[in-house]
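Asker: Next one to model:
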Amino acid sequence: MNKWKKIVGVGIASILLTVGALGCSTASKETSSSGDNKAETTGGTLKAIKDRGKLIAGVKYDTNLFGLKDPADNQVKGFDVDIAKAIAKDILGDENKIDLKEVTSKTRIPMLKNGDIDIIVATMTITEERKKEVDFSNVYFKAGQSLLVKKDSPITGIQDLDGKTVIVVKGSTSATNIKKKAPKAKVTEYENYAEAFTALKAGKGDALSTDNAILLGMQKQDPNFKLVGGLFTDEPYGIAVRKGDKEMLDEVNKVIKNLQDSGEYDKIYEKWFGEKPQK
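Answerer: Residues are numbered from 1 along each chain as shown. Below you'll find the predicted structure:
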């Protein structure tokens, strides 16, 4: 009897081991196939870009002058878009070998970390907090935070915000800066710049605060608004890559330097902002 129990026990154990091995194999295949649509592969971002023949760049769709979807032709256009295209051209030899994916200030880092995009080129200020999650390129645009108000507004600067409602975008550095500079102001956050500007136009806030270059784009869309207060922060923009991705970071920095050295950067800047960048 004990002999038969032993034989049956060995047989069951053998079956369980076989099923377990098959399960592991299936799980491994499922994990592999689920990552096929991601931007990141085990070979690194640069290799993934070359293998697929396309750069996947996260850009804004609602930020005039930097990344704005034109309803006339459904194309996304702006300074950041042109910089991203220059990176695609350097890697793949053709600026059109690019897939522009919409990001917001709130979604851009998660999308990069999840492998949905290869890089972030989206008016992203370099901060110590963000450096914990991504690696930044050298500065490719210098901006500073300012205020956008209606033309007849009595607000002239940060000192006039006590008791006022200031509109900002979620995930940006603007809210933190306003709370530091004007602690008696009320801060209201919106999902993106389009919603924020619509709220300002609807009178849901007294001022909208973000980087001056972004506000300039809004002002060009609607001349009933004006920029006030000068610059009360320093907002250096960087292009973000996944943490520890030195090969991709070196590639991006190389492109930025080449654009600046060749004078092409100045041409792109002047195309969008109507003047050459201050040196």
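
Asker: Next, the buried residues of stretch 175-190.
Answerer: Buried residues in stretch 175-190, counted by 16 or more other CB atoms under 10 Å: 175, 177-178, 181-182, 185, 187, 189-190. Every residue, glycine included, has its C-beta placed from N, CA and C.

Asker: start to end distance for it?
Answerer: 11 Å (CA to CA, to the nearest Å).

Asker: Name the surrounding residues that touch it.
Answerer: Residues from elsewhere that reach stretch 175-190, judged by CB atoms under 8 Å, 6 or more residues apart in numbering: 145, 158-159, 161-170, 196, 199, 204-205, 209, 232-233.

Asker: Among those, which ones are in helices?
Answerer: Where the contacts of stretch 175-190 overlap with helices, as defined by DSSP state H, the overlap consists of 196, 199.

Asker: Show me where this protein has its helices.
Answerer: Listed in chain order (using DSSP H), the helices of the chain are 2-34, 45-52, 79-92, 108-113, 128-131, 174-181, 193-201, 212-221, 246-262, 264-273.

Asker: ranking these by burial, who's on top?
Answerer: For the helices of the chain, average neighbour numbers computed from mean count of other CB atoms under 10 Å are highest in helix 79-92, which has a mean of 22.

Asker: what packs against that helix?
Answerer: In terms of contacts (3 or more CB pairs under 8 Å, 6 or more residues apart in numbering; DSSP states H and E), helix 79-92 is packed against helix 45-52, strand 55-59, strand 67-70, strand 98-102, helix 246-262, helix 264-273.

Asker: How far does that helix sit from its chain's centre?
Answerer: Put simply, helix 79-92 sits 15 Å off its chain's centre (CA atoms, centre = their mean, to the nearest Å).

Asker: Quick one: mean pLDDT for it?
Answerer: Summarised as a single mean, pLDDT over helix 79-92 is 98.

Asker: ditto for stretch 134-149
Answerer: Rounded to a whole number, the mean pLDDT of stretch 134-149 is 96.

Asker: Equivalent analysis for stretch 241-253, please.
Answerer: Per-residue pLDDT over stretch 241-253 has a mean of 97.

Asker: if we can go back for a sec, which of the helices of the chain sits closest to residue 62?
Answerer: Using CB to CB as the measure, helix 193-201 is the one of the helices of the chain that comes nearest residue 62, at 4.0 Å.

Asker: what angle sits between the closest one and helix 174-181?
Answerer: Counting by axes from the mean of the first three to the mean of the last three CA atoms, to 10 degrees, helix 193-201 lies at 50 degrees to helix 174-181.
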